[in-house]
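Asker: Sequence first, predicted coordinates after that:
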Number of protein chains: 2
Amino acid sequence: MDSLRVNGERLWRSLMELARIGATPKGGVKRLALTETDRQGRDRFVAWAHEAGLETRVDAIGNIFAVRSGTQAGEPPVVMGSHLDSQPSGGKFDGAYGVLAGLEVVRALNDADIRTRTPLEVAAWTNEEGSRFTPTMMGSGVFVGAHPLEQVLAQKDLDGVSVQQALQNIGYAGTASPHAVGAYFEAHIEQGPVLESTRTTIGVVQGALGQRWFDVIVTGQDSHAGPTPMETRKDALLAASRLVVEVNRIATTFPDYARGTVGQMQVKPNSRNVVPGEVRMSTEFRSANDATLSSMVAEYRRAAKTIEAACRVAVDIREVVYFPPSHFAPELVGSVRDAAQALGLPHRDIVSGAGHDAVYLSRVAPTAMIFVPCEGGISHNEIESATKEDLTAGCNVLLHAVLARAGVARQ
Amino acid sequence: MDSLRVNGERLWRSLMELARIGATPKGGVKRLALTETDRQGRDRFVAWAHEAGLETRVDAIGNIFAVRSGTQAGEPPVVMGSHLDSQPSGGKFDGAYGVLAGLEVVRALNDADIRTRTPLEVAAWTNEEGSRFTPTMMGSGVFVGAHPLEQVLAQKDLDGVSVQQALQNIGYAGTASPHAVGAYFEAHIEQGPVLESTRTTIGVVQGALGQRWFDVIVTGQDSHAGPTPMETRKDALLAASRLVVEVNRIATTFPDYARGTVGQMQVKPNSRNVVPGEVRMSTEFRSANDATLSSMVAEYRRAAKTIEAACRVAVDIREVVYFPPSHFAPELVGSVRDAAQALGLPHRDIVSGAGHDAVYLSRVAPTAMIFVPCEGGISHNEIESATKEDLTAGCNVLLHAVLARAGVARQ
């Protein structure tokens, strides 16, 4: 059993075939959730699942579950999955890899004529990206009860099409009822630079960073840059800039994978020779530790008070999103590490900075993720790239971690 | 002669009557250069000048000169003036005050039956604001030879109308040839907070700050805010923010009325959870001393080098505008100070942070400016406000400074 391996060539061929659906000129993929191209991608996956002998079910939010029965009746399945939708200028691997790696595990077990005790499932979650419909991680979020189904079905895209209509249009408004999950594994490209820069093949994911997002408004007063002396200005951009510097200072001095980012900024009136009177900006903090995250936010609010006084402005900080850190199941994380070890693959513990369907699944089932490197850490971009060797290695780790959990039935 | 005063009520009535031409609902003025409302304002001024016994001439760029002859033949005139055009949401006093204060000086001399040795002129310079046609200070710039006439006449507004056409449309394409100026005085609201906050009635303007304007591009690399560790980021907004902080530090630590402003900033891709890869921003420095201005710029470039290395980004700083500081004529500045003193008005030396027609005139003639307070230092805004008392006081200073220069003829 230890010598069992997936077929890396077949995995790669499937990834490349799927990537032709919604292919972009620059080598990427545009497969927005619940569009015609998403339907084609789903149909392709369902056809492959049927060829592999799996039975497929679709639930009311369009999540697809491809089931391989186990030998032990009534056991909740070990689920492998991710998503088939992409960003508007997405890559070939984000999401698709996790789904097709699950399919390849099943195919490899079929080839070797191995049955597991508990059932296996390959899941394709609806609209992880959130590019067409908000919120992100929609399918897994509804599945675990984080969002009410009716509310999510009523969400509309920019053209006024609801999730409900879009599901019906592509024929993926299903009826499967929610079911228990015995364990959840998600293989994914890292979407960051750590594995590549440390020449590591397998990231053993400990959990996902907590996130706190804020809308910030800095209100000063606009005035003429020429006649207004420095000491009487109420420069909103100076205050905003000092906040950006503080966000960076906080994120680089706090522990637990602390991160802090200002990604958005609008300046008013945004005229070359007018001292800016208002700045609207985003701020987000992330950390693997919820207490650390709270301390970072408290420190940010303290810094804002100081800056308010120093720059004679008002700073309004309003929280808009809060995801607590998720901690994956130690026994599953351990089985991922053991599998990487047994396969002789360079591996390291890592945390996920981004959200994934696994973050929601971890609320209802023991969960683990497996990361593989992507070129330059670049994702959500048509130039997203990963090697056949690394993807194969990650899939072999998935195979053995899943077998450890699902158990091999006596022949 | 020392007891001679202007008629403050008449000055105020004229200002209010002119402000009805292009009046806005919020109490301001919209009289864009060379439009129909500008024509009406010009016609009003010309009619008043004729009523006061002045002869008017218009040159090829539309500058209006209203001449009161002196008793001494061949002397170049003492000119008082400013502009009649406004910003799109301008106020009642910016520009209009300088022209009508000049007119009121003439009216007061008429009332007292006083003739001067050298001729007097009231000038209304074309398109000081530059809102419809660039460059700003167009009429005075052409008058002193800073811009070639043909080039400026060919400038077009957003609708494709040239300066030449617009001048012909409103009947102000004149033929007067350039003439020598014996001295130039411009009364103006301060457009800044210094006089009001120090309870000073008269600003004795020493000159205008030099200005150096830059376009700055910060190039980093955009990456996902979640998976990208702080230590590998190339955050263009962090670098830009540190530049803003440096601009402020430099402007607050250098002497000679140093000012530094970042008024414009655009962030790319400007997405909440993406580390910004590019920022485009403006930077401008001002100072009364050209050597100080150079040192400020050198310090900025040094700081940019440090920030480039610290933030792993590239900073491109390109100069787009340079006005050297202008120093007004000590003897005229002295006569303004003497007049304020003799009139018992609180006064202080001040520099002009903004550009004015006087800045160009100072290239060809001894020049001085008289500032009066404006409410809250606010200008280029419909709520721009100044008191009848302060405007009258400034006009009396103008009267006596002009008389000191032009000389009173023996009766």
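Answerer: Perfect, thanks for sending it.
Asker: Would you mind listing the residues in contact with residue A:179?
Answerer: A:65, A:76, A:77 (C-beta atoms under 8 Å, 6 or more residues apart in numbering or on different chains). Any C-beta I mention is one placed from the backbone N, CA and C, and that applies to glycine too.
Asker: What is the lowest-mean-pLDDT helix or strand in chain A packed up against?
Answerer: Within chain A, confidence by mean pLDDT, DSSP states H and E is lowest for strand A:223-224 among all helices and strands, at a mean of 89. The elements that strand A:223-224 packs onto, with contact taken as 3 or more C-beta pairs under 8 Å, 6 or more residues apart in numbering or on different chains; DSSP states H and E, are strand A:274-275.
Asker: Touching the strand it packs on from outside, list them.
Answerer: A:220-225, A:228, A:233-235, A:237, B:261, B:263.
Asker: between these, which is closest to residue A:16?
Answerer: residue A:237 (47.6 Å; C-beta to C-beta).
Asker: and the closest one, what element?
Answerer: Using DSSP states H and E, residue A:237 sits within helix A:236-253.
Asker: just the angle between that helix and helix B:236-253, please?
Answerer: 120 degrees (axes from the mean of the first three to the mean of the last three C-alpha atoms, to 10 degrees).
Asker: Just the mean pLDDT for helix A:236-253, thanks.
Answerer: On average, the pLDDT along helix A:236-253 is 98.
Asker: Looks like residue A:333 contacts residue A:368 (just checking).
Answerer: Yes - applying C-beta atoms under 8 Å, one finds residue A:333 in contact with residue A:368, separated by 5.1 Å.
Asker: Now list whatever residues contact both of those two.
Answerer: residue A:205.
Asker: my read is residue A:267 is in a strand, agree?
Answerer: Yes - under DSSP: H, G, I helix; E, B strand; the rest coil, residue A:267 falls within a strand.
Asker: contacting residues for it?
Answerer: A:236, A:237, A:240, A:276, A:278, A:279, B:263, B:264, B:265.
Asker: start to end distance for stretch A:72-80?
Answerer: 19 Å (C-alpha to C-alpha, to the nearest Å).
Asker: ugh, wrong one, stretch A:380-391
Answerer: Termini of stretch A:380-391 sit 18 Å apart (C-alpha to C-alpha).
Asker: Buried residues of that stretch, list them for me.
Answerer: A:380, A:381, A:382, A:384, A:385, A:386, A:390, A:391 (16 or more other C-beta atoms under 10 Å in any protein chain shown).
Asker: one step back: quickly name whichever of the contacts of residue A:179 is closest to residue B:307.
Answerer: residue A:65 (51.6 Å).
Asker: ok, the closest one touching residue A:46?
Answerer: No - Residue A:65 lies out of contact with residue A:46 (C-beta under 8 Å); the separation is 10.7 Å.
Asker: Common neighbours of those two, please.
Answerer: In contact with both residue A:65 and residue A:46: residue A:56, using C-beta under 8 Å, 6+ apart.
Asker: of these two, who's got more company?
Answerer: Using other C-beta atoms under 10 Å in any protein chain shown as the criterion, residue A:65 and residue A:46 rank with residue A:65 on top: 24 against 17.
Asker: any chance you could map the strands in the stretch 151-300 of chain A?
Answerer: Counting by DSSP state E, counting those that start in this stretch, the stretch 151-300 of chain A has strands at residues A:183-189, A:202-208, A:210-219, A:223-224, A:259-261, A:265-268, A:274-275, A:278-287.
Asker: Quick one: closest of the ones you listed to residue A:30.
Answerer: strand A:183-189 (17.8 Å).
Asker: Need the CA coordinates for that closest one. CSV is fine.
Answerer: Extracted C-alpha coordinates of strand A:183-189, given in CSV (Å, rounded to 0.1, in the frame of the first residue of the first chain):
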residue,chain,number,x,y,z
ALA,A,183,-13.1,14.5,7.3
TYR,A,184,-12.2,17.1,4.7
PHE,A,185,-8.9,17.5,2.7
GLU,A,186,-8.2,20.2,0.2
ALA,A,187,-5.1,20.4,-2.0
HIS,A,188,-4.3,23.8,-3.3
ILE,A,189,-1.5,25.9,-4.8
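Asker: quick check: mean pLDDT across that strand?
Answerer: For strand A:183-189, the mean confidence score works out to 98.
Asker: low pLDDT regions in the stretch 151-300 of chain A?
Answerer: Applying pLDDT under 70 to the stretch 151-300 of chain A flags no residue at all.
Asker: that older thread, would you convert the contacts of residue A:179 into a markdown table that also reports distance to chain B, pLDDT and secondary structure?
Answerer: Converted to a markdown table, the contacts of residue A:179 look like this (distance: C-beta to the nearest C-beta, whole Å; pLDDT from 0 to 100; DSSP: H, G, I helix; E, B strand; the rest coil):
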| residue | distance to chain B | pLDDT | secondary structure |
| --- | --- | --- | --- |
| A:65 | 27 | 98 | strand |
| A:76 | 30 | 97 | coil |
| A:77 | 29 | 98 | coil |
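Asker: how far away is the nearest residue to residue A:266 once chain neighbours are set aside from residue A:202?
Answerer: The spatial neighbour of residue A:266 that comes closest, neighbours along the chain excluded (C-beta to C-beta, 6 or more residues apart in numbering or on different chains), is residue A:280 at 4.8 Å. Separation of residue A:280 from residue A:202 (C-beta to C-beta, to the nearest Å): 42 Å.
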